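Asks: Coordinates only, no sequence provided:
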């Protein structure tokens with residue numbers, strides 16, 4: 001009867017066979033022994049230490065040859081033990097890889113360097129509630145007769161400063177460069193992200209793209225591009241949510257030559273949505289795909305610049321785009337200062353809601369992709 005004891009990571013596995021009626025088994029039998037197993041006296045063992053890929057040491061006990069002629073470890077037994085150890089090591093590597101996968105449900109402060117960290121930060125309920133509360137407070141301060149009117153006094157000061165600027169500066173630098181150029185760059189960035197998502201053919205990238213496209217018409221719109229009016233007007237439309245609030249409040253713009261309503265700012269809300277979804281949703285998902293395309297020898301292969309994907313860079317770029325567009329609308333005397341504040345708050349809440357939807361949609365998709373990748377690895381010879 002051959003007994004092979006293998007201890008891997010503190011777990012003991014024993015393989016035994018039923019006692020057969022043979023002279024060898026009679027010599028090992030003791031009074032009170034019951035079938036189907038016969039107890040064996042302790043056998044001398046030696047320990048063999050194998051270093052795994054994770055840096056841990058696995059202690060493997062292999063049977064030594066018995067002095068009284070008991071069977072020793074045959075090559076077949078040793079080969080089986082080696083295959084068993086290789087399988088255990090592969091399972092350990094897959095477990096560690098699964099544990100190292102970033103989870104979008106963790107605290108956003110601990111996700112600074114993880115590929116899906118910005119999505120978790122944008123989907124934080126505190127951001128959504130804070131932006132929604134900011135929009136409501138801004139609206140209350142502007143239209144409520146019982147408010148302090150703090151923003152209205154700022155509106156008057158900014159409007160007075162903008163009217164003293166040269167007309168060429170207001171039209172070219174403030175209106176075209178500061179207001180429209182960043183939105184045009186955001187649209188180009190979106191087109192690049194869409195092309196990369198379609199080219200990747202991965203479900204998580206495509207699902208993210210379709211959700212963002214669905215939210216684009218509702219939360220971003222397409223402000224008037226820097227071109228003649230007969231070309232711009234057919235292309236121009238405000239976001240549905242922004243246009244709905246404009247029709248509700250019917251606030252007059254500071255410049256009387258513009259006949260459309262003022263609150264909230266369509267340019268500011270559009271720029272905030274485009275930049276927020278690109279830096280916090282689209283680019284992190286695409287960066288995850290490029291990260292997976294890299295190899296061990298060159299970890300930086302396919303990675304986007306850290307400024308575009310890290311949490312700190314995402315916040316800085318998002319705020320810069322939003323602030324620049326808002327300042328441009330104020331200096332062009334196209335909007336009140338409070339219009340830009342309300343548009344930024346409203347669009348920030350829309351970006352956070354979009355991130356929540358993407359986060360919920362990616363969970364089953366990522367789990368299915370992880371299972372498919374594990375099955376492909378196991379199928380490889």
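Replies: All right, it came through fine. Note that the coordinates shown come from a computational prediction; the quantities given were computed from them, not determined experimentally.
Asks: Could you use CA atoms for every contact and neighbour count after this?
Replies: Will do.
Asks: How about residues contacting stretch 149-157?
Replies: 138, 141, 142, 336, 337, 338 (C-alpha atoms under 8 Å, 6 or more residues apart in numbering).
Asks: Could you report the neighbour count for the residue lying closest to the fifth one once chain neighbours are set aside?
Replies: Using C-alpha to C-alpha, 6 or more residues apart in numbering and skipping the chain neighbours, the partner closest in space to residue 337 is residue 155 (5.2 Å). The local packing of residue 155 (other C-alpha atoms under 10 Å) involves 19 other residues.
Asks: any idea which helix or strand carries residue 155?
Replies: helix 150-163 (DSSP states H and E).
Asks: pLDDT wise, what is the residue nearest to residue 337 at?
Replies: Note on residue 155: pLDDT of 91.
Asks: can you check residue 126 too?
Replies: You'll see residue 126 listed with a pLDDT of 92.
Asks: The helix or strand hosting it versus helix 150-163: what angle between them?
Replies: For residue 126, the host element (DSSP H and E) is helix 125-143. Helix 125-143 and helix 150-163 are oriented at 70 degrees to each other (axes from the mean of the first three to the mean of the last three C-alpha atoms, to 10 degrees).
Asks: Residue 375: what secondary structure?
Replies: Three-state assignment for residue 375 (DSSP: H, G, I helix; E, B strand; the rest coil): helix.
Asks: Near residue 213, how many other residues are there?
Replies: 15.
Asks: If we go by neighbour counts, what in stretch 156-170 is buried?
Replies: 158, 159, 162, 170 (16 or more other C-alpha atoms under 10 Å).
Asks: you'd agree the last one is up against residue 334?
Replies: No: between residue 170 and residue 334 no contact is recorded; they are 9.5 Å apart, counting by C-alpha atoms under 8 Å.
Asks: Now that residue 128 has come up, it's in contact with residue 354, right?
Replies: No: with contact defined as C-alpha under 8 Å, residue 128 does not count as touching residue 354 (10.1 Å).
Asks: More neighbours: which of those two?
Replies: residue 354 (25 against 22).
Asks: what helix or strand does that one sit in?
Replies: Per DSSP H and E: helix 337-379 holds residue 354.
Asks: Could you name the helices and strands sitting against that helix?
Replies: helix 117-122, helix 125-143, helix 150-163, helix 203-219, helix 266-277, helix 311-331 (3 or more C-alpha pairs under 8 Å, 6 or more residues apart in numbering; DSSP states H and E).
Asks: tally of neighbours for residue 184?
Replies: 17.
Asks: what packs against the strand or helix carrying it?
Replies: Residue 184 belongs to helix 182-200 when assigned by DSSP H and E. For helix 182-200, the helices and strands in contact under the criterion 3+ C-alpha pairs under 8 Å, 6+ apart are helix 203-219, helix 266-277, helix 283-293.
Asks: Report pLDDT for the nearest residue to residue 174 once chain neighbours are set aside.
Replies: Of all residues not flanking residue 174 in the chain, residue 328 sits nearest, at 4.4 Å (C-alpha to C-alpha, 6+ apart). We have a pLDDT of 89 for residue 328.
Asks: just to revisit the earlier point, flag whichever of the buried residues of stretch 156-170 scores worst on pLDDT.
Replies: The member of the buried residues of stretch 156-170 with the lowest pLDDT is residue 170, at 82.
Asks: so what's that one up against?
Replies: With contact taken as C-alpha under 8 Å, 6+ apart, residue 170 is in contact with 162, 331, 332, 333.
Asks: Which pair of these spans the longest distance?
Replies: 162 and 332 (6.7 Å; C-alpha to C-alpha).
Asks: returning to that earlier point: quick one: which of the buried residues of stretch 156-170 is nearest residue 188?
Replies: Among those, residue 170 lies closest to residue 188 (C-alpha to C-alpha), at 24.7 Å.
Asks: circling back to that earlier point, and the gap between the residue nearest to residue 174 and residue 341?
Replies: 13 Å (C-alpha to C-alpha, to the nearest Å).
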